[in-house]
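Colleague: Below: sequence and its predicted model.
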Amino acid sequence: MKKWSRREADGGLSLREPAIGERFSRPPWERMMRMHRLIQSGKFPNCRKLSEELEVCAKTIQRDIDFMRYRLQLPIEYDQLKFGFFYTEPVEAFPAMEMSEGELVALLVAEKALGQHRGTSFERPLRIACQRLAEGLQDRVTVNWNDLDTAISFRNAGVAKPEMAVFDAVSKAVMESVEISFQYLKLRSTQHEFRRVRPYHLGCVENQWYVFGYDLDRGQIRTFALPRMRAVKLTKRHFERPADFSIKEHLAESFGVFAVAGAEKRPQRVVVRFDAFAARLVSERTWHPTQEIRSLPGGEIELTMQLGGFEEVERWVLSWAGRAKVIAPKALRERVRAAARKILED
């Protein structure tokens, strides 16, 4: 095993072989490229000179050197006589990130998908991240952006756009685990009401942004749509998100975004039958993690799911305009029948 001595006084580094399974954090690519140019210049920069030039501490320089040597396989050595780093053999160019054409196209598709986050506080950092990844490729693979724009697109109907002040405040509160207060307008109400919440999770479901959190006054986890929130204020009270909270488990028995609380949360077996035309469309997508599809004569199918509430699935069944029929449970069948009759009322 190779060993190097440490020279603290002159800015030298103690380099070592990484232990098996040791993980390096990935330093900023731009800083390492500047270090590469300084070492390549033949001026034998040491730890002190590099830290002064790049305005970072010596420990950061050491981590960068370790990353460049062991992960990027650059031939870096420390000269004991000239007190600085040098390359033991010519290095034509700084290593670029390897990415196939398919991976690059996937990256550009991801950039186009940012439409879902356009106008939010996530848009700028996501766009910058995509740009930095593309710049690191150094033209190893070239894809015409105009061709991609013509070939691939995203279209979202009914996209909700919350006020940016609300979105920024809620996202900050979620990330920093800070209690918030706000005015909220419920679907069946005409006036806003005051709420105090510990926000656990921010999610985008069916083109709508929601925050899931513990309502301090009601003692339950509730779901709030950001477009119906206003006057959001961050308090100075921090909280710890429960270790057992999981958004996946919280919505496991929900057809959409609203989880049923209390005794009503017991899942029920929901069976919906679709005619041959709708069957093909339904079979092409996953509607719920618990779904099972059974083929019937004539091309029809039956979709079975375990759900804790009926409100969202009721609207979904009605959206199929008579091509869907509720088989079970009876309570859901009666709700759909009543809603259909109300549509026909003058």
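Modeller: Everything's here; your move. Numbers count the residues shown, from 1 in each chain.

Colleague: contacts, neighbours, all on C-alpha from now
Modeller: Noted.

Colleague: my read: Gly256 touches Glu312, true?
Modeller: Yes: the pair formed by Gly256 and Glu312 meets the contact definition of Cα atoms under 8 Å, at 6.4 Å.

Colleague: Quick check: buried residues in stretch 31-47?
Modeller: The neighbour-count criterion (16 or more other Cα atoms under 10 Å) identifies 32, 35-36, 38-40, 44-47 as the buried residues of stretch 31-47.

Colleague: Tell me how far the nearest residue to Tyr87 once chain neighbours are set aside lies from Val282.
Modeller: With sequence-adjacent residues excluded and distances taken as Cα to Cα, 6 or more residues apart in numbering, Tyr87 is closest to Ile76, at 4.9 Å. Using Cα to Cα, to the nearest Å, Ile76 is found at 59 Å from Val282.

Colleague: With neighbour numbers in mind, choose between the two.
Modeller: Comparing Ile76 with Val282 by neighbour count (other Cα atoms under 10 Å), the higher total belongs to Ile76, at 19 against 15.

Colleague: is it true that that one touches Arg69?
Modeller: Yes: using Cα under 8 Å, Ile76 is in contact with Arg69, at 6.1 Å.

Colleague: how long is stretch 316-330 from one end to the other?
Modeller: Terminal residues of stretch 316-330 are spaced 17 Å apart (Cα to Cα).

Colleague: is it fair to say Phe194 lies in a strand?
Modeller: Yes: with the criterion set as DSSP: H, G, I helix; E, B strand; the rest coil, the secondary structure at Phe194 is a strand.

Colleague: what number of residues lie near the closest residue to it other than its chain neighbours?
Modeller: The spatially closest residue to Phe194, leaving aside those adjacent along the chain, is Gln183, at 4.7 Å (Cα to Cα, 6+ apart). As a burial measure, Gln183 scores 17 neighbours (other Cα under 10 Å).

Colleague: Also the one 10 residues further on?
Modeller: Residues within reach of Glu193, counting by other Cα under 10 Å, total 12.

Colleague: so how far is Leu185 from it?
Modeller: For Glu193 relative to Leu185 (Cα to Cα), the value is 6 Å.

Colleague: And what about the residue nearest to the spatial centre of the chain, helix, strand or coil?
Modeller: Taking Cα atoms, centre = their mean, the centroid of the chain lies closest to Gly203, which sits 8.9 Å from it. Local secondary structure at Gly203 is given as strand here, using three-state DSSP.

Colleague: Which strands and helices lie in contact with the longest helix along the chain?
Modeller: With residue count as the measure and DSSP state H as the assignment, the chain has helix 330-344 as its longest helix. In terms of contacts (3 or more Cα pairs under 8 Å, 6 or more residues apart in numbering; DSSP states H and E), helix 330-344 is packed against helix 311-318, strand 324-328.

Colleague: what's the most buried one of these?
Modeller: With neighbours defined as mean count of other Cα atoms under 10 Å, the helices and strands packed on helix 330-344 peak in mean count at strand 324-328, which reaches a mean of 18.

Colleague: ok now that one, how far from the chain's centre?
Modeller: Its chain's C-alpha centre and that of strand 324-328 lie 35 Å apart, by Cα atoms, centre = their mean, to the nearest Å.

Colleague: Now that strand: average pLDDT?
Modeller: Strand 324-328 shows a mean pLDDT of 95.

Colleague: quick one: contacts of it?
Modeller: Residues from elsewhere that reach strand 324-328 (Cα atoms under 8 Å, 6 or more residues apart in numbering): 269-275, 278, 317-318, 332-333, 336.

Colleague: Please tell me the pLDDT value assigned to the residue lying farthest from the centre of the chain.
Modeller: For the chain, the residue at maximal distance from the C-alpha centroid (Cα atoms, centre = their mean) is Leu81, at 50.1 Å. For Leu81, the model assigns a pLDDT of 88.
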